[in-house]
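Novice: Next comes the sequence, and after it the predicted model I'd like to discuss.
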Amino acid sequence: MKFVVAKYRQRAFAAPPPSSASLIDALHDGDFDTTLRLVLSGADILASSPEGAPIHEALRQRSLHALALLVLNGADPDAIAPADGISGTQMAQDSGDARLSACLNRSEEHTSELQSLE
């Protein structure tokens with residue numbers, strides 16, 4: 001019984017979650033399959049590097065799918081990128097790409113709808 005508790009409740013035998021650096025690299029390379037795998041494997045989508053969080057890299061790459069994936073899994077669109085001091089929301093607006101801003105808005109609305117169901 002101790003093994004079952006350790007395995008399933010304490011995740012003692014589980015592989016450690018992937019690093020946020022791997023996630024940022026996958027986003028930078030435009031590799032959505034790897035991005036999806038890393039997010040679903042538990043990569044820290046809130047971790048920040050000097051260039052910012054994964055959401056900032058998704059915005060730099062103008063990847064709508066990656067952006068939606070990150071926000072729907074808990075990334076903060078209002079997180080500030082340390083390098084330039086602007087938020088993800090501001091980055092989307094400054095990009096001039098209305099699809100990025102719309103993606104953030106729709107993702108936030110969807111997230112709030114899901115939270116209201118709890």
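Specialist: The structure has been received and is ready for your questions.
Novice: rest of the way, CA atoms for contacts and neighbours
Specialist: Fine.
Novice: can you give me the helices for the protein?
Specialist: Taking DSSP state H as the test, the helices found in the chain are 2-4, 20-29, 32-40, 54-60, 64-72, 88-95, 98-117.
Novice: in the third one, what counts as buried?
Specialist: Residues of helix 32-40 classed as buried: 32, 34, 35, 36, 38, 39 (neighbour count, 16 or more other C-alpha atoms under 10 Å).
Novice: Quickly compare the helices of the chain and say which is most buried.
Specialist: Mean neighbours per residue, mean count of other C-alpha atoms under 10 Å, is largest over the helices of the chain for helix 54-60, with a mean of 25.
Novice: In CSV, list the helices of the chain along with distance to residue 46.
Specialist: Listed next are these as CSV, based on distance: least, C-alpha to C-alpha, whole Å:
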stretch, distance to residue 46
helix 2-4, 30
helix 20-29, 8
helix 32-40, 11
helix 54-60, 7
helix 64-72, 9
helix 88-95, 12
helix 98-117, 16
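Novice: can I get the ones you listed in a markdown table with mean pLDDT?
Specialist: Converted to a markdown table, those look like this (pLDDT from 0 to 100):
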| stretch | mean pLDDT |
| --- | --- |
| helix 2-4 | 66 |
| helix 20-29 | 92 |
| helix 32-40 | 94 |
| helix 54-60 | 94 |
| helix 64-72 | 92 |
| helix 88-95 | 92 |
| helix 98-117 | 68 |
